[in-house]
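*Asks:* mind folding the following:
(one chain, ligands or ions: 1)
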Amino acid sequence: MPYSAPYSLYSQLVRKVLFSLGGGDPEIAHHRTIGALRALGARPGPVAALRALLAVPAPRTVFGLRFPNPVGLAAGMDKDGVALPGWAALGFGHVEVGTVTWHPQPGNPLPRLYRLPASEALINRMGFNNAGARALAQRLRTGPTPSMPVGISIGKSKVTPVAEAVEDYRSSLRALYPYGDYFAVNVSSPNTPGLRGLQDRALLDDLLGELTTEARALAYGGRPKPVLVKIAPDLDDAAIGEVIEVCAARSVAGVIATNTTLSRDGLAERDVATGAQAGGLSGRPLARRAREVVAFVHRESAGTLPVIGVGGIAEPSDGLRLLDAGASLVQVYTGFVYAGPALVRGISRAARAAGAASGDR
Ligand SMILES: Cc1cc2nc3c(=O)[nH]c(=O)nc-3n(C[C@H](O)[C@H](O)[C@H](O)COP(=O)(O)O)c2cc1C
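*Replies:* Okay, here's the model as predicted:
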């Protein structure tokens with residue numbers, strides 16, 4: 001059963017309504033949710049009132065940024081950054097917008113998003129549908145100042161060959177640099193052909209070296225904004241060890257672990273309509289592997305590399321376990337779809353009660 005806070009309006013009503021929209025089409029529910037939060041976000045009064053009510057203060061400083069609480073919205077939910085005040089109203093401590101690409105692109109053909117309710121999971125093969133880095137820069141430039149840190153996830157455009165990936169990422173970083181608090185280099189989505197290959201040591205070293213150099217240049221002698229890398233849960237220990245070495249060599253500020261998985265372990269739905277769909281699996285079945293990867297990065301880097309833990313947080317205790325495993329911050333996506341804003345509050349409360357074990361970094 002999905003986690004639900006006592007008397008949660010979300011689990012009693014909102015989720016039922018959302019899940020039935022468009023004949024149960026998950027992408028329609030997604031667009032309606034984003035649309036509603038966008039409309040809410042245009043009203044500063046209600047946003048401030050809701051945030052005062054829903055945001056649980058549990059502040060911490062990570063890679064030089066002050067976060068009001070450790071719970072962020074994971075990349076992919078608000079790819080074009082259209083609802084930032086809406087997310088703030090729901091109590092999030094940060095939002096990672098994107099993944100955006102240099103070239104606007106429609107993503108993969110529909111359908112491309114599947115609910116697997118018995119497993120509290122999703123399978124998606126969205127393929128970075130987004131309006132492009134320049135459109136996001138324009139929106140963030142003219143939008144209201146966010147009340148929490150905003151990360152920007154950048155990825156490779158589908159039309160750009162892997163051999164030209166560095167320039168593609170660099171163009172996005174340049175366009176967006178003034179508007180993000182940190183940047184996430186996404187090399188781990190399973191839905192862009194060749195993308196995960198950028199996690200290989202030599203390619204990753206080149207990519208992250210160029211992007212951290214670019215960030216230093218864009219900082220004009222000041223402190224460069226943090227550049228992080230988001231990794232797949234399907235890497236083995238040796239490969240993750242190499243990523244950690246590259247991060248240390250290239251002044252990468254942290255690791256986001258993890259993206260969706262190609263594994264179908266722990267899934268109740270195995271039929272063709274759902275579990276056998278191509279794409280990345282997220283949600284409860286991912287929790288254990290995400291925790292292993294977070295713990296591994298924390299241990300192997302001797303705690304020097306801050307980790308944002310993401311994957312399978314379905315209830316507050318899952319978030320706490322990721323923080324205990326060494327994450328400095330956590331993010332939610334699928335758990336939020338099933339449990340709603342109570343999950344965000346629940347994790348922040350649990351982290352505050354636990355005395356914020358992993359503390360400031
Ligand atoms: C529909 C969907 C779209 C996603 N899009 C992105 C994306 O654009 N960039 C990215 O880095 N991760 C993306 N993710 C991965 C999430 O950010 C997160 O890493 C993953 O879902 C695991 O967390 P969860 O179990 O809480 O969902 C997406 C996930 C879903 C379900």
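*Asks:* what strands flank the strand or helix carrying Val97, and is each parallel or antiparallel?
*Replies:* Element membership for Val97, per DSSP states H and E: strand 94-100. In the sheet, strand 94-100 lines up against strand 71-73 (parallel), strand 150-154 (parallel) (DSSP bridges).
*Asks:* is the ligand within reach of that strand?
*Replies:* Yes: contact between strand 94-100 and the ligand, assessed by CB under 6 Å from any ligand atom, occurs at Thr99. Where you see a C-beta, it was placed from the backbone N, CA and C, and this is true even at glycine.
*Asks:* off-centre distance for that strand?
*Replies:* Relative to the chain's own centre, strand 94-100 is displaced by 6 Å; criterion: CA atoms, centre = their mean, to the nearest Å.
*Asks:* residues in contact with it?
*Replies:* Taking contacts as CB atoms under 8 Å, 6 or more residues apart in numbering, the residues outside strand 94-100 that touch it are 67, 72-76, 78-81, 84, 87-88, 128, 130-133, 136, 146, 148-155, 172, 176, 181, 184, 186, 189, 256, 329, 331.
*Asks:* let's see which of those residues end up in strands.
*Replies:* Residues from those lying in strands, with DSSP state E as the criterion: 67, 72-73, 150-154, 184, 186, 256, 329, 331.
*Asks:* neighbour count for those - can I get that in TSV?
*Replies:* As requested, those are exported to TSV (neighbours: other CB atoms under 10 Å):
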residue	neighbour count
Phe67	22
Gly72	25
Leu73	26
Val150	24
Gly151	27
Ile152	28
Ser153	26
Ile154	28
Ala184	27
Asn186	28
Ile256	31
Leu329	29
Gln331	29
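*Asks:* Glu245: which of these is nearest?
*Replies:* Out of the ones in strands among the contacts of strand 94-100, the one with the shortest distance to Glu245 is Ile256. That distance is 17.3 Å, counting by CB to CB.
*Asks:* contact partners for the closest residue to Leu50 other than its chain neighbours?
*Replies:* Here the nearest residue to Leu50 in space, its sequence neighbours aside, is Ala89; by CB to CB, 6 or more residues apart in numbering that works out to 4.0 Å. In this structure, Ala89 makes contact with Leu37, Leu40, Gly41, Pro46, Val47, Leu50, Arg51, Leu54, judged by CB under 8 Å, 6+ apart.
*Asks:* same question for Ala215.
*Replies:* Counting by CB under 8 Å, 6+ apart, Ala215 makes contact with Leu173, Tyr177, Phe183, Pro224, Lys225, Val227.
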